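[1] Compute the structure for the input listed below.
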Amino acid sequence: MVDINKITPEQEYVIARHSRMVGKILDLLEASMPEGVQCEKIKKLAQVPLYDFRHEMVQLVTIGVPQE
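    Numbering: from 1, shown residues only. Down below sits the predicted model:
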């Protein structure tokens, strides 16, 4: 977990841009299908890889390219 008091400007930028992007994607998903349980499930499923990606980008800004 990231210490909220130690967020760098670069990390803050990545998090803010990512949040706007996720909002846009969720709005598009919602607009493209009828409301209901299926829509909510798809929105929740879409968020998993999106937030995984945000975590990877914050780590990239913090520690650089992983040495895998």
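
[2] going forward, measure contacts and count neighbours with C-alpha atoms only.
    Will do.

[3] in the protein, what spans have low per-residue confidence?
    1-4 (pLDDT under 70).

[4] show me where it has strands.
    Using DSSP state E, the chain contains no strands.

[5] So which residue is smack in the middle of it?
    With distances taken as CA atoms, centre = their mean, the residue of the chain nearest its centroid is Tyr51 (3.5 Å).

[6] and the gap between that residue and Pro34?
    Note on Tyr51: its distance to Pro34, by CA to CA, to the nearest Å, is 24 Å.

[7] for this protein, what spans make up the helices?
    Along the chain, counting by DSSP state H, helices occupy 9-32, 37-63.

[8] For the shortest one, buried residues please.
    Meaning helix 9-32. Of the residues in helix 9-32, Gln11, Val14, Ile15, His18, Val22, Ile25, Leu26, Leu29, Glu30 count as buried by neighbour count, 16 or more other CA atoms under 10 Å.

[9] Which one of the residues you listed is nearest to Ile63?
    For the buried residues of helix 9-32, the minimum distance to Ile63 (CA to CA) is 11.2 Å, reached by Gln11.

[10] need the contact list for the closest one.
    Val58, Val61, Thr62 (CA atoms under 8 Å, 6 or more residues apart in numbering).

[11] Test my guess that the second one contacts Pro9.
    No - if you go by CA atoms under 8 Å, Val61 and Pro9 don't touch, sitting 10.0 Å apart.

[12] re earlier: looking at the contacts of Gln11, which has the most residues close by?
    Across these, neighbour numbers were computed from other CA atoms under 10 Å; Val58 holds the maximum, 20 neighbours.

[13] How far off centre is stretch 13-24?
    How far stretch 13-24 lies from its chain's middle: 6 Å, per CA atoms, centre = their mean, to the nearest Å.

[14] what sits up against it?
    With contacts defined as CA under 8 Å, 6+ apart, stretch 13-24 is touched by Gln47, Leu50, Arg54, Met57, Val58.

[15] Leaving out chain neighbours, which residue sits closest to the first one?
    Here the nearest residue to Gln47 in space, its sequence neighbours aside, is Val22; by CA to CA, 6 or more residues apart in numbering that works out to 7.4 Å.
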